[in-house]
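>>> have a look; sequence and predicted model below, questions after that.
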Amino acid sequence: MSLKATILILGLVWSFQAALGIRFVIDREECFSHKADYEGDTLHVSFVVIKSDSQWHFNEDGVDLVIHGPTGEQIHDFREQISAKHDFVVQKKGVYRFCFTNKSPYHETIDFDVQLGHFAYYDQHAKDEHFTPLMEQISKLEEALYNIQFEQHWLEAQTDRQAIVNESMSKRAVYKAVFESFALIGASVLQVYLLRRLFERKLGMSRV
């Protein structure tokens, strides 16, 4: 294998995809942008509502996400979703905007991930027919690896959310049990007090 072919294949293996992964707290509205330099690339989008700021409230209504293209056109929207994934092919190169809206009165923590898939083949340098199938297989393998990474990030966010839900439910159960215990003790003390008052009144009436 020639040095040029080796450099070419290594360049293909190490070609990267632009990615944006962020975990942020939203009050009412937050927007993010991501630039796509090539038409025909694939944009992978996912988000998960991780938790709410209120310990006694856990948002089940979700948030809204609207995706806008470079000229302001709406690509896709999610309404009141706790978690979602979406893929679409870039029709126009430029800046894409992702705007979240939180209708809850509480701050929400969101895990947001955008991954742009672009694979360069450098056909102008690869004239040898033996290298073309190899590069195609490497490109498919690279795409599969990035898809696995994207899916893994989404599953980790889902796991974090479930762990927080379980912890919140456990705390609520403990608080409820403690409250019920104090309520039971208070009711018992009140019952003893009322019974004593009743006996004292009866004893006073019998003496008279």
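Done, it's in. On a predicted model such as this, the values are computed, not experimentally measured, just so you know.
>>> could you work out the end-to-end span of stretch 35-47 for me?
The first and last residues of stretch 35-47 sit 18 Å apart, counting by C-alpha to C-alpha, to the nearest Å.
>>> list the contacts of it.
Outside of stretch 35-47, the residues that reach it under the criterion C-beta atoms under 8 Å, 6 or more residues apart in numbering are 18, 34, 63, 65, 67, 81, 83-96, 98, 100, 110-118, 147, 150, 153-154, 157. Where C-beta positions appear, they are placed from N, C-alpha and C, glycine not excepted.
>>> tell me the spacing between Ser83 and Glu29.
From Ser83 over to Glu29 the distance is 19 Å, taken as C-beta to C-beta, to the nearest Å.
>>> looking at these two, which is more packed in?
Ser83 (18 against 11; other C-beta atoms under 10 Å).
>>> list the contacts for the more buried one?
By C-beta under 8 Å, 6+ apart, the contact list for Ser83 reads 46-49, 154, 157-158, 161.
>>> can I get the residues you listed in JSON lines with neighbour count?
As requested, the contacts of Ser83 are arranged in JSON lines below (neighbours: other C-beta atoms under 10 Å):
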{"residue": "Ser46", "neighbour count": "22"}
{"residue": "Phe47", "neighbour count": "25"}
{"residue": "Val48", "neighbour count": "25"}
{"residue": "Val49", "neighbour count": "25"}
{"residue": "Trp154", "neighbour count": "19"}
{"residue": "Ala157", "neighbour count": "22"}
{"residue": "Gln158", "neighbour count": "16"}
{"residue": "Arg161", "neighbour count": "19"}
